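In: Pasted the sequence and its predicted model underneath.
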Amino acid sequence: MPIFEYQCEDCGTKFEKLVRGGTAVACPSCGEQHLRQEYSTFAARGNGAAKEPASMAGGCGAGMCRTPGLCGRN
């Protein structure tokens with residue numbers, strides 16, 4: 001079952017939802033079903049050691065940090 005990211009077009013809430021095929025999704029804040037599916041990012045792990053330490057790897061994930069400064073990287 002894939003995890004999808006949504007944004008409510010009524011109240012603006014962003015959320016993730018584990019969805020089975022054909023399941024209706026509603027906003028957890030207002031209960032409306034006027035949703036826009038957002039682009040999701042994913043993480044992959046390769047075999048072998050990292051080429052540079054995590055502290056030197058750059059920003060958060062795909063650069064979509066919602067809380068800049070919290071992790072000390074931004």
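Out: Received, thanks.

In: Strands of this protein, start to end?
Out: 3-8, 14-18, 35-38 (DSSP state E).

In: ranking the ones you listed by burial, who's on top?
Out: Comparing the strands of the chain by mean neighbour count (mean count of other CB atoms under 10 Å), strand 3-8 ranks first with a mean of 16. Quick note: C-beta positions are derived from backbone N, CA and C, even for glycine.

In: who does that strand touch, helix- and strand-wise?
Out: Counting contacts by 3 or more CB pairs under 8 Å, 6 or more residues apart in numbering; DSSP states H and E, strand 3-8 packs against strand 14-18, strand 35-38.

In: Against which helices or strands is the longest one packed?
Out: Applying 3+ CB pairs under 8 Å, 6+ apart, one finds that strand 14-18 contacts strand 3-8.

In: The strand it packs on to strand 14-18, inter-axis angle?
Out: For strand 3-8 against strand 14-18, the angle by axes from the mean of the first three to the mean of the last three CA atoms, to 10 degrees is 140 degrees.

In: Extract the C-alpha trace of strand 3-8 and format it as CSV.
Out: Provided in CSV are the C-alpha atoms of strand 3-8 (Å, rounded to 0.1, in the frame of the first residue of the first chain):
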residue,chain,number,x,y,z
ILE,A,3,1.6,6.4,1.1
PHE,A,4,0.3,9.5,-0.7
GLU,A,5,0.7,13.1,0.2
TYR,A,6,-2.4,15.4,0.0
GLN,A,7,-3.2,19.1,0.5
CYS,A,8,-6.8,20.1,1.3
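
In: Show me what that strand pairs with in its sheet, parallel or antiparallel.
Out: In the sheet, strand 3-8 lines up against strand 14-18 (antiparallel), strand 35-38 (antiparallel) (DSSP bridges).

In: In CSV, list these along with mean pLDDT.
Out: CSV is the format used below for those (pLDDT from 0 to 100):
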stretch, mean pLDDT
strand 14-18, 90
strand 35-38, 89
